[in-house]
Structure formats: C-alpha cells, structure tokens
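S.K.: got a sequence here, can you model it:
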Amino acid sequence: MRNGSMMVAACFCLALASSSAFADSARDYQGVVEPVRVAVIRAEVSGQLLVDQMALEGQRLEPGQPIARQDDREQAEMLKLAVLEAKDQLPIQRAAETIKELELRYAQAEELVSRDAGARWELRQAQVQLDLAEIDLAIAHRDREAAALRQKVEATRLARYTLRAPFAGRIMKFEAQGGASVAGGDPVAVFAALDKLRVEIYLPLERYGQMRVDQTYQLAAEAPVNRRLPARLDWIDPMIDPASQTFRCVFKIDNPDEALPAGFRVWLPNDGTEAIAQPDPSPAPRTADTPARRAPRS
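M.R.: Okay, the predicted model is just below:
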C-alpha cells in the first residue's frame, strides 16, 4: 500500500514538472512589444537649445510641429541679407538704362557714317560699348538668380535649427535639455507613435506551416498588462535560423487610444488553452536541453 502511494505521488510530481516545462518552453518563444515607429531626433547643426522653445515630455505632436529649437539668430540675419539681395532690382535697371543710352549713340554713329559725316571707328566703338552693356545686363540677371538660390539655401539652413516631429506621436524623453549646447548629430529627443505596436517572436520550426499572414492571434501578455491581446500576423520571415531551428514572425497590435504601454513581453501559446499570462518567475539555470531564449532583433 505504501509503495502504491509513493508511485502515485511520483507520477503526480512528474506530471506537474512536465506541465511546468511545457509552460516554460512556450514562454521561451516570446518577444518585447515596441512601437512600430520610433525616431531619435538629432540636432542637424551645432548650437544651444532655447529653454522657452522646448516641447514637453509626453506631449503629443502632429507631423511638422516643433519639438525643440536652437539659437538661430545669426542664421536668421543671414537669411534677411539673402532676401534683400534677391529682391534687389537696381543692377538690372541700371544695365537696362545703359543699353538704351548706348543704342541711341550707336544709331547716331551709324547715321553719321551713312552720310560720310562720321568715322567708322566711332561706329565700331559704339557697337563694342553696346555689346558690353548687354553682357552687364546678362550678368545682373544671373546674379539675381544666384541671389534667389542663396535665399533658398539660407532658408533651408534656418529651418535646420528647429527640430520637428517626423510623424504623429509623442515625445518619449529628451536626451538634452533646454540651455544645453549640442553638436550636429547629437540626440535631442526620442519620439514614438504608440497607436500601433509591433512584436517579433521567434517560433519553433514545427509551427511554420501553421502560421498565416493577416490572421489574428491571441498573444499572452505579461506584466503590467496580464491579459490576452489580439495581434495580426504581419510578416513571416522566410529565412529560418538553422542554429535555433526557429523562424521570425512579426505581429502588429492596434492601440488607437494608447492604453497599452511599450516594453512589456508577450508570447504565443502553443494550443490556445493557456490562461491569462502571469509575470515570469525567476528563470531556472538553463541546461543543454533547454531551448535558448531568443530576443527580438532590432
């Protein structure tokens, strides 16, 4: 009788260990939920960030709205100078009036030569002066076109002092605060759209033929969500990882009200019978028989 009780207890422990191993194996194939669109906003030029021209962390912005602005006073003056040069019509007007005067002189010299009352060298001289005046007019037009291009260049340079939202989203955090001096290429803010999330999960090879693109799956979310989340399978990577015998699946999660955060873990249950996911306990030391946990690639 005693031996029979010991056998029952051993079978129960074995079943419990098998169930725990199954759950741990399922959770080995998990991923971290992150925004579909994340951008590190970097300074394009060197300069000081203006304290009163900084948006707020967590602030939602539409595309093109300013995130931060650098001291652009010197560049603004450069643009004003370029605008004045582009609007300057005086060189063109002067060259045009000079041509009118030289045309009259050429006509007079031509008439005198036709009546044998003037020298031909005077006619040639009048022609050369007229030709030079027409060249001066062409140069004036060219300079005005160049000034218009300089105006566009200076306006583009001025715009680089204002860092703007690349898409609709929120400022997650500032890497540099107002008053700080930054160089071109330095990170200023992290910007993300939370209305749509994504997660990469590496699944075991035996599930390759079971997954369907555009089909909705229930992902088990860990803390702080602790519930199932519908996710659409957006992409199945045709490149299998031969080392781990897994393949990559990319899921998209709609989050229009931004109720879900980013950074929590999810996993795809093997048979769909698992209850709401609970926080993962401290993992046991991995052995040679335990599959390696794959983190999503960036």
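S.K.: buried stuff in the helix or strand containing residue 172?
M.R.: Using DSSP states H and E, residue 172 sits within strand 169-174. Of the residues in strand 169-174, 169, 170, 171, 172, 174 count as buried by neighbour count, 16 or more other C-beta atoms under 10 Å. Any C-beta I mention is one placed from the backbone N, CA and C, and that applies to glycine too.
S.K.: what's the longest helix belonging to the chain packed up against?
M.R.: Counting residues, the longest helix found in the chain (DSSP state H) is helix 120-159. When contacts are defined as 3 or more C-beta pairs under 8 Å, 6 or more residues apart in numbering; DSSP states H and E, helix 120-159 sits against helix 73-87, helix 90-114.
S.K.: ok and that helix relative to helix 73-87, angle-wise?
M.R.: 150 degrees (axes from the mean of the first three to the mean of the last three C-alpha atoms, to 10 degrees).
S.K.: and helix 120-159, how far out from the chain middle?
M.R.: Mean-position distance between helix 120-159 and its chain equals 42 Å (C-alpha atoms, centre = their mean, to the nearest Å).
S.K.: past that helix, which element shows up next along the chain?
M.R.: strand 162-164.
S.K.: still on that earlier bit, nearest to residue 43 among the buried residues of strand 169-174?
M.R.: In terms of C-beta to C-beta, no member of these lies closer to residue 43 than residue 174, at 12.0 Å.
S.K.: got phi/psi on residue 216?
M.R.: phi -90, psi 130 (degrees, to the nearest 10).
S.K.: who does it form a beta bridge with?
M.R.: Taking DSSP bridges as the rule, residue 216 bridges to residue 232.
S.K.: ok, it to residue 233 distance?
M.R.: Using C-beta to C-beta, to the nearest Å, one obtains 8 Å as the distance from residue 216 to residue 233.
S.K.: remind me which residues of the protein are low pLDDT?
M.R.: Residues of the chain that meet the criterion pLDDT under 70 lie in 1-28, 271-298.
S.K.: identify the bridge partners of residue 170.
M.R.: Beta-bridge partners, per DSSP bridges, of residue 170: residue 60, residue 192.
S.K.: check contacts around it.
M.R.: Shown in contact with residue 170 (C-beta atoms under 8 Å, 6 or more residues apart in numbering): 58, 59, 60, 61, 191, 192, 193, 194, 258.
S.K.: which one of those residues sits in the busiest neighbourhood?
M.R.: Of all the contacts of residue 170, the highest neighbour tally under other C-beta atoms under 10 Å goes to residue 191, namely 24 neighbours.
S.K.: show me the contacts for that residue.
M.R.: Residue 191 neighbours (C-beta under 8 Å, 6+ apart): 38, 39, 40, 41, 61, 67, 165, 166, 169, 170, 171, 172.
S.K.: could you redo the residues you listed as TSV and give each row distance to residue 132?
M.R.: Shown next, in TSV, are the contacts of residue 191 (distance: C-beta to C-beta, whole Å):
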residue	distance to residue 132
38	62
39	56
40	57
41	54
61	57
67	54
165	54
166	53
169	60
170	63
171	60
172	64
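S.K.: of all those, which two lie farthest apart?
M.R.: Taking C-beta to C-beta as the measure, the contacts of residue 191 reach their widest spread between 40 and 61, a distance of 15.3 Å.
S.K.: any idea how many residues pack against residue 151?
M.R.: Counted with other C-beta under 10 Å, residues neighbouring residue 151 total 19.
S.K.: next: residue 242.
M.R.: Neighbours of residue 242 under the rule other C-beta under 10 Å: 8.
S.K.: residue 77 now?
M.R.: 12.
S.K.: what of residue 188?
M.R.: For residue 188, the neighbour count with other C-beta under 10 Å is 23.
S.K.: with residue 89 instead?
M.R.: 10.
S.K.: what's the spacing between the closest residue in space to it that isn't next to it in sequence and residue 232?
M.R.: Distances taken as C-beta to C-beta, 6 or more residues apart in numbering place residue 144 nearest to residue 89, at 7.6 Å, with adjacent residues excluded. Residue 144 sits 57 Å away from residue 232 when distances are taken as C-beta to C-beta.
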